[in-house]
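# need a structure here:
(chains A and B)
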Amino acid sequence: MKQFGGPVLFLDRSDINTDEIIPAKYLTEITKEDLKPYILEDLKLPGFDPKGEKTKTARVVVSRANFGCGSSREHAPWVFEVNGITAVIAESFARIFRQNMFNCGMAAIELSADTIEGLFTYAGCADAAISIDVAGQTLTISGGGTSETHSFDISPFDKALVLAGGWVDYADSKY
Amino acid sequence: MGKTIAEKIFASHLVDEPFAGTKVLRLDVVMCHEITTPIAIADLMARGKDRVFDPTKIKAVIDHVTPSKDSKTATQAKMLRDWARRHGIVDFFDVGANGVCHALFPEKGFIRPGYTVIMGDSHTCTHGAFGAFAAGIGTTDLEVGILKGVCAFREPKTIRINLNGSLPEGVYAKDVILHVIGRIGVNGATDRVMEFRGSVVDTMTMESRMTLCNMAIEAGGTSGICMPDMVTVDYLWPFLKDEYQSREAALAAFSLWRSDEDAVYEQVLDFDVSSLEPIVTFGYKPDQVKPVSEIAGTPVDQVYLGSCTNGRLEDLRIAARILKGKKIAPTVRGILSPATPKIYQDAMREGLIDIFMEAGFCVTNPTCGACLGMSNGVLAEGEVCASTTNRNFMGRMGKGGMVHLMSPATSAATAIEGKIADPRKYL
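Here you go, the predicted structure:
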């Protein structure tokens, strides 16, 4: 099974919406790769620069509640994917965004508010990184010389989609 | 134990349950527009799967940016147009015949109680007003829908929202749904169906029920849903009269798609709307709401009346009643986008378009346009818009712009004063 992980981009706010992840004016692009420069362009967070080095190097996003609310645009997971981010960890997700992630063979992982709070204590570490084992349903965060491991729940269906690499091939072979 | 309408629809459309809690459903209607579909078409072609499961069950429209504004949007339109022709999709609506999807498709009679409906558009929940299970989905789900006529959903849990009492003068479905979202929050209904019940819904028109269901997604809801009744039958009758001998016969058939009296809900919420005020949003989330009395006087640069939430004839009538014989403030730009060509024509015949134009409104062709900041009324940095649309995210209608959501009545009063205003003083 695909392994997910790497440097972390911490986005410390609830209700980060799809317009902030990729503004509608870029929905006129026909290829995923063309979305790449516009990642999180309209997200206003103290200390966050969408064009900064952290956005470029991140492989995992950690955020708070109701991540990905708003539009059905799959461009939101895609703009992450083409920037190398294939997993988002949050307290909760909006339904369509969460399903879009799994449908693309990416991971949207829910953890309790307390556990997320714990992950945010690593936000100050320059070397903060997370490795995710979807099959084993665990993730390990490390940084500043320490690390901790947490287990998570994932529906069997979502896990199967990650394993299959996405929903289109899965569905076409089955239905 | 009784079942909710959502449970009945799921049971009757179940194709597979590959894992506990995941239901793969057969789809009755797959709807497409030119923003999220072309990329699905391109991907299916790249996979060597340029097929459609049933061209009669696929409906397509160019609505978000129309007529095309540049080469990119023209390419998107062309991709959808070519695909619709290639696969014999008869129900395809192009320039001249096209309107905002969630207003146009019901108007064409495409939705029935008990249907399953998907579209790559979050406001697909609008169609639940007809007693259908209708959900917004992403492009990959859309691809599978187009290709195989199925979609996977988690087992639905339903929140029953009882709307009791009667609506005061000047207070409308938009105020009710903003009030409900304000109460339960932008993720209050995530992974839930919002079932709207009660005396207020029973007496609502289909247009008002569509407004209610349209904004279910703004509370995170998978779908909004109303019970089909004679109001539903009357709206659909032009499309039913060859199928049923009488309206009563249609009603009897539709009554299969009503929640049982002893259905079990995850949550039941009661709202008495009898003393509700017109509601307006502030901030950048649809659950940030205030009664108009607390926000009146806030200056605006633009008033936008349109969209799948409130661009229907009923909405135009409500606003025109307030605007008749008046001028909008010189500091305000008024923009009206009737949601479909039929609404536009009906509004012309009734003299509503004259009222809007004499008041100083610019009337555009039917399009989603400004609602999501794509065309026909995008805001400049720092500008404020009073809008009958459904989403007030930061920069939604243009980078650096601010949106206040409200009813058509409140938007009309606001246009007259150039600042957020209580519509009740103009009734």
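# helix or strand right after the longest strand seen in chain B?
The longest strand of chain B (DSSP state E) is strand B:157-164. Note on strand B:157-164: by DSSP states H and E, the next helix or strand toward the C-terminus is helix B:173-184.
# relative to strand B:157-164, how tilted is that following helix?
120 degrees (axes from the mean of the first three to the mean of the last three C-alpha atoms, to 10 degrees).
# just checking: what are the partner strands of the next helix-or-strand element following helix B:173-184?
Note on helix B:173-184: by DSSP H and E, the next helix or strand toward the C-terminus is strand B:192-197. Take DSSP bridges as the rule and strand B:192-197 pairs in its sheet with strand B:157-164 (parallel), strand B:223-226 (parallel).
# quick one, which of those is nearest to B:A42?
Proximity to B:A42 (C-beta to C-beta) singles out strand B:223-226 among the strands paired with strand B:192-197, at 28.2 Å. In this view, the C-beta of every residue, glycine as well, is placed from N, C-alpha and C.
# so how far is the next helix-or-strand element following that closest one off the chain centroid?
Remark: after strand B:223-226, the chain's next helix or strand is helix B:230-240, criterion DSSP H and E. How far helix B:230-240 lies from its chain's middle: 19 Å, per C-alpha atoms, centre = their mean, to the nearest Å.
# what does stretch B:328-346 give?
Here the centre of stretch B:328-346 is set off from its chain's centre by 17 Å, with C-alpha atoms, centre = their mean.
# same question, stretch A:140-154
Centroid displacement of stretch A:140-154 relative to its chain, using C-alpha atoms, centre = their mean, is 16 Å.
# what sits up against that stretch?
A:8, A:107, A:109-111, A:115, A:118-119, A:122, A:124-131, A:134, A:137-139 (C-beta atoms under 8 Å, 6 or more residues apart in numbering or on different chains).
# reformat the strands paired with strand B:192-197 as JSON lines; add mean neighbour count and mean pLDDT.
Shown next, in JSON lines, are those (neighbours: other C-beta atoms under 10 Å in any protein chain shown; pLDDT from 0 to 100):
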{"stretch": "strand B:157-164", "mean neighbour count": "21", "mean pLDDT": "98"}
{"stretch": "strand B:223-226", "mean neighbour count": "30", "mean pLDDT": "98"}
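# turn those strands into a markdown table, columns for distance to B:K59.
Listed next are these as a markdown table, based on distance: least, C-beta to C-beta, whole Å:
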| stretch | distance to B:K59 |
| --- | --- |
| strand B:157-164 | 27 |
| strand B:223-226 | 18 |
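# of all those strands, which one is nearest B:R51?
Among the strands paired with strand B:192-197, strand B:223-226 sits nearest to B:R51 (C-beta to C-beta), with 27.4 Å.
# select only the buried ones of the contacts of stretch A:140-154 in ChimeraX?
Here the buried members of these are turned into a ChimeraX selection, burial being counted by 16 or more other C-beta atoms under 10 Å in any protein chain shown:
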select /A:8,107,109,110,111,115,119,122,128,129,130,131,134,139
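# so which of the contacts of stretch A:140-154 belong to strands?
A:8, A:107, A:109-110, A:129-131, A:138-139.
# residue contacts, residue 105?
Using chain A here. A:2, A:161-162, A:164-166.
# nope, chain B please
Counting by C-beta under 8 Å, 6+ apart, B:F105 touches B:29, B:31, B:59, B:61, B:111, B:127.
# burial count for B:A320?
23 (other C-beta atoms under 10 Å in any protein chain shown).
# is it part of a helix or strand, or is it coil?
What DSSP: H, G, I helix; E, B strand; the rest coil gives for B:A320 is helix.
# hmm, it is touching B:F356, no?
Yes. Under the criterion of C-beta atoms under 8 Å, B:A320 makes contact with B:F356 at 6.5 Å.
# hmm, back to that, return the longest strand of chain B as CSV; C-alpha atoms alone will do.
Extracted in CSV, the C-alpha atoms of strand B:157-164 (Å, rounded to 0.1, in the frame of the first residue of the first chain):
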residue,chain,number,x,y,z
LYS,B,157,-28.5,9.7,9.2
THR,B,158,-31.3,12.3,9.3
ILE,B,159,-31.8,15.4,11.3
ARG,B,160,-35.4,16.3,11.3
ILE,B,161,-35.9,20.1,11.3
ASN,B,162,-39.5,21.1,12.2
LEU,B,163,-40.4,24.6,11.1
ASN,B,164,-43.4,25.5,13.0
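# list of residues touching it?
With C-beta under 8 Å, 6+ apart as the criterion, strand B:157-164 contacts B:4, B:6-7, B:176, B:180, B:184, B:189, B:191-201, B:221, B:259, B:263, B:265-274.
# quick one on the thing from earlier: now neighbour count, pLDDT and secondary structure too, for the contacts of B:F105, in CSV please.
Putting the contacts of B:F105 into CSV (neighbours: other C-beta atoms under 10 Å in any protein chain shown; pLDDT from 0 to 100; DSSP: H, G, I helix; E, B strand; the rest coil) gives the following:
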residue, neighbour count, pLDDT, secondary structure
B:V29, 24, 98, strand
B:M31, 27, 98, strand
B:K59, 24, 98, strand
B:V61, 28, 98, strand
B:I111, 27, 98, coil
B:H127, 31, 98, helix
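# the helix or strand of chain A with the lowest mean pLDDT: which residues count as buried?
One helix or strand of chain A scores below all others by mean pLDDT, DSSP states H and E: helix A:167-174, with a mean of 87. Neighbour counts using 16+ other C-beta under 10 Å place A:167-168, A:170-172 of helix A:167-174 among the buried residues.
# below-threshold pLDDT in chain A: ranges please.
Along chain A, the parts satisfying pLDDT under 70 run over A:1-2.
# do you have the helices of it handy? List them.
Assigned by DSSP state H, chain A shows helices spanning A:18-21, A:53-57, A:75-81, A:95-103, A:113-120, A:156-164, A:167-174.
# what's the third one packed up against?
The helices and strands touching helix A:75-81, judged by 3 or more C-beta pairs under 8 Å, 6 or more residues apart in numbering or on different chains; DSSP states H and E, are helix A:18-21, helix A:95-103.
# go with 10 Å
Where contact means 3 or more C-beta pairs under 10 Å, 6 or more residues apart in numbering or on different chains; DSSP states H and E, helix A:75-81 is packed against helix A:18-21, strand A:87-90, helix A:95-103, helix B:139-148.
# could the ones you listed be laid out in TSV, adding distance to B:L372?
Listed next are those as TSV, based on distance: least, C-beta to C-beta, whole Å:
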stretch	distance to B:L372
helix A:18-21	8
strand A:87-90	23
helix A:95-103	15
helix B:139-148	16
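# can you lay out the ones you listed as CSV showing mean neighbour count and distance to B:T367?
Shown next, in CSV, are the helices and strands packed on helix A:75-81 (neighbours: other C-beta atoms under 10 Å in any protein chain shown; distance: least, C-beta to C-beta, whole Å):
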stretch, mean neighbour count, distance to B:T367
helix A:18-21, 26, 18
strand A:87-90, 26, 33
helix A:95-103, 27, 23
helix B:139-148, 27, 21
